[in-house]
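**Q** turn this into a model:
(2 chains)
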Amino acid sequence: MKLKYILTVALAMPALLWSCKDDDAPFGNPVIDYRDATETAHFGDSLSFTVNAADSEVALSTLKAQLYYGDEMVEETVIRTKESGKDYTGKIYLPYFANVPDGTATLKLVLQNINFTITEHEYPVRITHPDFPYLTLRDEDGNTYRMEKTGADTYAVSERFPQKMKAYIIAPKVGENGNELIFGYENSQIKIGAEGAIPFTSSRGGKYAVELNTRTFAASPFSVLKLNGYELVGVDDNTARVDMTLSQGQTITPEGFPNFGEWWIDTDWFTRNDDGSLTFNAMSGSYRVIADQKLQYFRVETLLNGEPASLQADGTGALWVIGADFGKPGLSTNETGWTTEKAVCMAPVSSKVYQMTLVGGKTVNTKSTNFKFYGDAMSWGNEFKHDRLSTTSTLIGVGDGDSHDDGNLYLLDGVTLKDNVIYVFTVDFTAGVNNGVLTITEAGEQAFEEKPIYLNGVKMSTVDNAVYTLVTDLAQGTALQFNSVDGLAAYYFDPDFMSYDADNDVITFIPVDGQYEVTLDKLNSVVSAQRTEGENYATLGSDGHGAVYILGWGAGHPDLNSQFGWDTAKAYGMAEVSPRVYRFTAVAGPETGSAIGQRLRADYMSIKFFHQKGWGGEFNPSQGNGLSVAPGSESLLKANPDGNFELASTLDEGATYMLTIDLSAGNDAGTISLVKK
Amino acid sequence: MFINNKTTNMLLGSLLCGLALCSTACDDNDKFDQGEDAPQPVWVDGDVRVLTTTNNRSKDLTPSAITFSTKDNMSPRSIYLDPSRQYQEIDGFGAAITGSTAYNLMMMTPEDRAAFLRQTFSPTEGYGMSYIRVCIGCSDFSLSEYTCCDTPGIENFALTGEENNYVIPILKEILAINPYVKILASPWTAPRWMKVNNLNDRQPVTAWTGGQLNPDHYQDYAEYFVRWIKAFNDKGIDIYAVTLQNEPLNRANSASMFMGWEEQRDFVKQAVGPKFAAAGIDTKIYAFDHNYNYDNIADQQNYPGKIYADADASRYIAGAAYHNYGGNRSELNTMHNAYPDKELIFTESTAGDWNDGANLSTHLVADMEELALGTVNNWTRGAIVWNLMLDAKRGPNRPAGCINGFGAVDIDGAYKNITRNSFYYNMCHMSAVVKPGAHRIGTTGYTANGLTYAAFVNPDGSYAFVACNSGAEEQKITLDDGTHHFSGSVPAKGVASFIWR
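**A** Modelled structure (predicted):
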């Protein structure tokens, strides 16, 4: 049934205007006959309409179709109506916005004749969200990926994408009036029809899921960068910034920075702490911290009244450096040059004293220097020439305008800077801004040191640069990310604690949630873990949770060259892979010459299981808590009365076996199985 | 008509003229002449009451009304109010009744003054300004330098002519219009006999400017606060809050006194706090009362926080007060995050020649973003701007103080014609719809570059929404409280306030 809600409006104003006319032109009577009225549609449809427009007295002018979402007109189509009594057909797009609920919109038809007499009709149109069978992700290279429906209005695809990927998401046409819809990006928001691609960013490369909710337009992943909880605002694809009030000595905790362990830290502003946080080194005040994700460093600018500060008449504010032969984070990657936008803000280290630290060969040229100081923020203003800046340095001079450009710093005759030596440039204005004093001091040599390794952003401990450990809380299924580890794909990952998806470069933690000590052994290329409780290794709780340890011969880690024996220090905790179920997975190998991962002898076994990493509680029939060999494992495993387990038959060398202890029925009713995978 | 607003009058005149033309057949225009001297109607009745101002005064706190929509809310520009997310309680919004302001108001005819004060402070017939700052003794906008105890000996305390003849009569007139107005008081200096040149030498100072409070006079100065509050109470004026020193890090000004955080900590815990408690005074004490950047003094950073760290001092301190002459308002957020149990209040900002302060075209929205909405969206319980009214000579002012500032309104030499400046619009747009005791609430939905807003629920259950738009195009919005929704707009370079139940 066609719905016709007729509202004919005879506006007073045209009547008044008409009453002033001399020619007594008639009002006319525009008549709308809306045919084939559509009562339901989807967002994103193009709604067809046919209207018979007529006016028996006055020539028609236009027919307008206006779409209202609530009280707001969101779309309008105008059709010229030259002939009376004719059918006019048009389409009006039903805009598809984020977070607009299903509802009844209003289609208003406005017919006007040439004497401005108007007839309006309103028709309700029930609009609902289309149910797309799938979506298509199309990256900027034209690669397409099908996004499957994962729930109401949600779609996802998981693939090995680059860490940063710009892409559009395309929804197929749904229904007779539907359109293909393209989700793009504009003003930091996802919009249908936006020209820009959506800048997806993962905290890591490899396999990850791209998701979109077609009702809310919420999408992921977008790596949110934060410093102390303050979100950085994107400046461009590679930089984001935040203005902060910082105090000297304040701890700054970064969040969301990919590979933060590899970032270059400017020691004029920050000191990196072992827990991955930073300590602010400059004077307390307002600063703009700019994260350069491409160069992986923070650029810092002193602020005054919310804008980059200039040097004030009393010497406070900021001092800027522009010129050649230096650059942060590296001379080769980001030489400052004579570009005002790249001016380096010196760190205020005390009132009216500014500092910039450079390292020979790394951030400053050792053969030549040619840069100078400016008082105005990122401009050529308030330039410091030799009349206002002096130095007694035996390394560097301030050009006097004769042999060297006035104010430019130059290496004194015969001087070259030394590779890796730290040079601290300090400008002191305590005697006034016209009496600046430049000092350059050597602050030792930048020691060669192994890059620290971070697990999920937290620095691991090491005593010999070979074995790194970290005690941390881990949840089952957590992705583990190690920074600064070359050749991780060649590592052996204890298969009961973590799985490594080499194709996608993803390490996933397997056991139940808890505190674990994760060990990365660079010497042997092994990553393993053990359950811990506070500062101690975990024990088996009366509830069956915690850890079960193996001691004995015929088993070892990471290979049989390191058999456990009866040395309690070598007791190895089995992974609680599901509640109260403990597992030790191994490849069967020879007693000597075994490879990494060959953790069970093929020809011999005499092992026992303990409640702690040491003597004390153990699984022993004589103590009433022996482990029963699970049905099906008798052919491989036999139990001795003293609680030791031996092989019932030899294992196939090179085959993988799973040794499992199941305490689901209680610690006194455990079963043990040995199964070939 | 004492409001000097040419644009408004021209438009009003045009509108009235237009209406008169439309109704010439049935009416004369006498009633419009009669209305010339009456206060403008502040509200137009309707489901939603709206006030709108543009930076060219084409809309000048212009009232209008909106009817709730009966249609499904499908607007893509919907802003959904979420009263389940409540932030800070609101104390109020207003301006300072300095000695100079009170003097200027007293120079008006009683009728004009009553009309202005009613329009400014009445919660029913006016814009409902709800928070006032007054000075304990002189400020740089006084008729002279003085304190209420210039003769040594606290027994010599007495209110002066500036209070008795100007400030107190004006406050009483305001309170008669709006008894719920809160008053915060701040001293610019202690009596000079209580000051020393510094805490090491402790030499007497004779200057109104600078110096420090002699610790030997902590008790006297605390007693000074007590007597001042009681003296105002005796006049029927309740003092809701005090700060212990206006701009404690400012050693300049026509009257001032340096009070570092350690001094303020000791003063409050050794003297003012206990004295207030002993005297049964529940007036709130706010620490600091100065700039966001602590005037870039290294050892004064986090001034209030350092006082909070001392439990014996902190228990007397309600929170901290800030001005915006230095630093960034993000400090408010920083302080809230660090000390969520402590309150924040914005107590002073002024405009002057230095920032082209009378230029409404540049200031209206910028001030809303920085001051009215900028502070309340960063946890302040309200905002108070500096002088409510200055005269044509930017005063009366003190020669050694600020001599080129503007009031929230300025009045001409005849004390007749008033020009509203940005801060007046700022405060009125807030106080007209956000009532004392309101809570700022959460919002979700539409955001846009240049559109800044905040939502509130008032104690009577009504909702308030204030928005400003720095863009060159009108911003259409739909406000949805879950029960009602309606479409409105925020004009280009303008401000709009909405209130509905």
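**Q** so where is the chain shaky, pLDDT-wise?
**A** In the absence of a named chain, chain A is used. A:1-24, A:203-206, A:237, A:447-451, A:463-466, A:523 (pLDDT under 70).
**Q** was after chain B, sorry
**A** Looking at chain B by pLDDT under 70, you get B:1-41.
**Q** grab the most central residue of it for me.
**A** Against the mean C-alpha coordinate of chain B, by Cα atoms, centre = their mean, the closest residue is residue B:384 at 1.9 Å.
**Q** any idea how far it is from residue B:437?
**A** From residue B:384 across to residue B:437, the span is 17 Å (Cβ to Cβ, to the nearest Å). To be clear about C-beta, it is placed using only N, CA and C from the backbone, and glycine gets the same treatment.
**Q** for residue A:396, list the residues it contacts.
**A** Each residue near residue A:396 by Cβ atoms under 8 Å, 6 or more residues apart in numbering or on different chains is listed here: A:369, A:409, A:410, A:411, A:412, A:415, A:438, A:440.
**Q** same check on residue B:443?
**A** So residue B:443 contacts B:79, B:80, B:81, B:82, B:453, B:455 (Cβ under 8 Å, 6+ apart).
**Q** ditto for residue A:339
**A** Taking Cβ under 8 Å, 6+ apart, we find residue A:339 in contact with residue A:322.
**Q** and if you look at residue A:495?
**A** Listed by Cβ under 8 Å, 6+ apart, the contact set of residue A:495 reads A:585, A:597.
**Q** same check on the one 3 residues further on?
**A** Shown here is residue A:498, whose contacts under the criterion Cβ under 8 Å, 6+ apart are A:480, A:507, A:508, A:509, A:510, A:527, A:529.
**Q** mind listing the residues bridging to it?
**A** Under DSSP bridges, the beta-bridge partners of residue A:498 are residue A:509.
**Q** ok, back up a step: which one (most neighbours) among the contacts of residue A:396?
**A** residue A:409 (27 neighbours; other Cβ atoms under 10 Å in any protein chain shown).
**Q** how far away is that residue from residue A:213?
**A** Distance from residue A:409 to residue A:213, by Cβ to Cβ: 56 Å.
**Q** check residue B:366 too.
**A** For residue B:366, the distance to residue A:213 - Cβ to Cβ - is 37 Å.
**Q** which one of the two is surrounded by more residues?
**A** Higher neighbour count among residue B:366 and residue A:213: residue A:213, with 19 against 16, using other Cβ under 10 Å.
**Q** pairing partners for that one in the sheet, please.
**A** Going by DSSP bridges, residue A:213 forms beta bridges with residue A:154.
**Q** can you redo the contacts of residue A:498 as a markdown table with distance to residue A:324 and neighbour count?
**A** What follows is the contacts of residue A:498, written out as a markdown table (distance: Cβ to Cβ, whole Å; neighbours: other Cβ atoms under 10 Å in any protein chain shown):
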| residue | distance to residue A:324 | neighbour count |
| --- | --- | --- |
| A:480 | 44 | 21 |
| A:507 | 44 | 21 |
| A:508 | 49 | 14 |
| A:509 | 49 | 20 |
| A:510 | 54 | 21 |
| A:527 | 45 | 25 |
| A:529 | 50 | 25 |
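**Q** coming back round to it: in strands, which of the contacts of residue A:396 fall?
**A** Residues of the contacts of residue A:396 located in strands (DSSP state E): A:409, A:410, A:411, A:438, A:440.
**Q** near chain B, which residues of the stretch 51-200 of chain A show up?
**A** Within the stretch 51-200 of chain A, the positions lying close to chain B (Cβ under 8 Å from any Cβ of the partner chain) are A:68-72, A:74, A:95, A:97-101, A:103-106, A:127, A:187.
**Q** get me the contact residues on the stretch 251-400 of chain B for chain A.
**A** Close to chain A, as judged by Cβ under 8 Å from any Cβ, the stretch 251-400 of chain B has residues B:292-293, B:296, B:298, B:301-302, B:326-328, B:330-331, B:334, B:337.
**Q** again, only using 7 Å
**A** Within the stretch 251-400 of chain B, the positions near chain A by Cβ under 7 Å from any Cβ of the partner chain are B:293, B:296, B:298, B:301, B:302, B:327, B:328, B:330, B:331, B:334.
**Q** got the contact list for the residue nearest to the centre of chain B?
**A** Residue B:384 sits next to B:94, B:95, B:96, B:131, B:133, B:184, B:346, B:347, B:348 when contact means Cβ atoms under 7 Å, 6 or more residues apart in numbering or on different chains.
**Q** now with 10 Å?
**A** Applying Cβ atoms under 10 Å, 6 or more residues apart in numbering or on different chains to residue B:384 gives the contacts B:91-96, B:129-133, B:182-184, B:321, B:345-349, B:423, B:427.
**Q** returning to what we had before: what would the contacts of residue A:396 look like in JSON lines with distance to chain B?
**A** Putting the contacts of residue A:396 into JSON lines (distance: Cβ to the nearest Cβ, whole Å) gives the following:
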{"residue": "A:369", "distance to chain B": "31"}
{"residue": "A:409", "distance to chain B": "28"}
{"residue": "A:410", "distance to chain B": "34"}
{"residue": "A:411", "distance to chain B": "35"}
{"residue": "A:412", "distance to chain B": "35"}
{"residue": "A:415", "distance to chain B": "36"}
{"residue": "A:438", "distance to chain B": "23"}
{"residue": "A:440", "distance to chain B": "25"}
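**Q** could you export these to a markdown table, including columns for distance to residue A:352?
**A** Shown next, in a markdown table, are these (distance: Cβ to Cβ, whole Å):
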| residue | distance to residue A:352 |
| --- | --- |
| A:369 | 24 |
| A:409 | 20 |
| A:410 | 25 |
| A:411 | 27 |
| A:412 | 26 |
| A:415 | 28 |
| A:438 | 14 |
| A:440 | 18 |
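**Q** what about the residue in the stretch 351-500 of chain A that chain B sits nearest to, how many residues nearby?
**A** Residue nearest to chain B within the stretch 351-500 of chain A: residue A:351 (6.9 Å; Cβ to the nearest Cβ). As a burial measure, residue A:351 scores 14 neighbours (other Cβ under 10 Å).
**Q** I'd say it and residue A:283 touch.
**A** Yes. Judged on Cβ atoms under 10 Å, residue A:351 makes contact with residue A:283 at a distance of 7.3 Å.
**Q** any shared contact partners between the two?
**A** With Cβ under 10 Å, 6+ apart as the test, residue A:351 and residue A:283 both reach A:316, B:296, B:298.
**Q** contact partners for the last one?
**A** Contacts here follow Cβ under 10 Å, 6+ apart; on that basis residue B:298 touches A:247, A:248, A:283, A:284, A:285, A:348, A:350, A:351.
**Q** could you redo the last one with a cut-off of 8 Å?
**A** Going by Cβ under 8 Å, 6+ apart, residue B:298 touches A:248, A:283, A:284, A:350, A:351.
**Q** who are the neighbours in contact with residue 229?
**A** As the question left the chain open, I've gone with chain A. So residue A:229 contacts A:253, A:255, B:337 (Cβ under 8 Å, 6+ apart).
**Q** meant chain B, my bad for not saying
**A** B:185, B:239, B:242, B:281, B:283.
**Q** confirm that the second one lies within a helix, as I assumed.
**A** I take that to be residue B:239. No. Counting by DSSP: H, G, I helix; E, B strand; the rest coil, residue B:239 is not part of a helix but coil.
**Q** isn't it right next to residue B:230, touching?
**A** No. In this structure, residue B:239 is not within contact of residue B:230 by Cβ atoms under 8 Å, at 9.2 Å.
**Q** so which of those two has more stuff around it?
**A** Per other Cβ under 10 Å, whichever of residue B:239 and residue B:230 has more neighbours is residue B:239, with 22 against 15.
**Q** now the residue in the stretch 201-350 of chain B that chain A sits nearest to: closest residue in space, sequence neighbours ignored.
**A** Closest residue of the stretch 201-350 of chain B to chain A, Cβ to the nearest Cβ: residue B:301 (4.2 Å). Excluding the flanking residues, the one nearest residue B:301 by Cβ to Cβ, 6 or more residues apart in numbering or on different chains is residue A:284, at 4.2 Å.
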